[in-house]
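**Student:** Got a predicted structure plus its sequence, pasted below:
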Amino acid sequence: MSENSASEAQQPKVTKSDDEWKRELSPAEYQVLRQAGTERPYTGEYWDTHTEGVYACRACGAELFTSREKFDSHCGWPSFFAPLAEGRVRYLRDESMGMVRVEVRCGTCDSHLGHLFEGEGYATPTDQRFCINSVSLSLRPADDGETSPQ
Ligand SMILES: [Zn+2]
């Protein structure tokens, strides 16, 4: 598995200049996605959402997580115990704020999504918690089309 580490150094498939991101994203989205900010807990759109569907990257539209892996962590942010598939997200060591954490970024456009925590004792198959900002995600409901007339 780790024999070929070349793929880890791969450039993101979607690259845009800072100005382009600024134009395309709202200030709140830009602050989290491109400046690794964190939305306030219990304020995001999806922390308590149970709608079935796929969560895509709000910056580039790549599908990252699904409602099947979402669980109630009660931490105030959408939490998943696994990504939709390995390779959809990438991991970086984050030593900001005096802690060592694992930053989670979109594997396609390299935008900041949130952090990954492990071994917290949640009753999930992986005991991992992908703590993701709502503002980094865009939910595509499974029954899309039924609810919107167009
Ligand atoms: Zn992305």
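**Tutor:** Now that the structure is in, tell me what you want to look at.
**Student:** Walk me through which strands the helix or strand containing residue 103 pairs with, and which way each runs.
**Tutor:** Take DSSP states H and E as the rule and residue 103 turns out to sit in strand 101-106. Strand 101-106 has its sheet partners listed here by DSSP bridges as strand 89-94 (antiparallel), strand 112-118 (antiparallel).
**Student:** Just name the most buried of those.
**Tutor:** strand 112-118 (a mean of 21; mean count of other CB atoms under 10 Å). Any C-beta I mention is one placed from the backbone N, CA and C, and that applies to glycine too.
**Student:** re earlier: with respect to the ion, which of the strands paired with strand 101-106 lies nearest?
**Tutor:** strand 112-118 (8.2 Å; CB to the ion).
**Student:** That closest one - what's its average pLDDT?
**Tutor:** Averaging pLDDT along strand 112-118 gives 98.
**Student:** and that strand, anywhere near the ion?
**Tutor:** No. Legend: contact between strand 112-118 and the ion by CB under 5 Å from the ion is lacking; minimum distance shown is 8.2 Å.
**Student:** Please list the residues outside the next helix or strand after that strand that contact it.
**Tutor:** Where DSSP H and E defines the elements, the next helix or strand beyond strand 112-118 is strand 128-132. Strand 128-132 is contacted from outside by 55, 65, 73, 75, 77-83, 89, 104, 113-118, 120, 122, using CB atoms under 8 Å, 6 or more residues apart in numbering.
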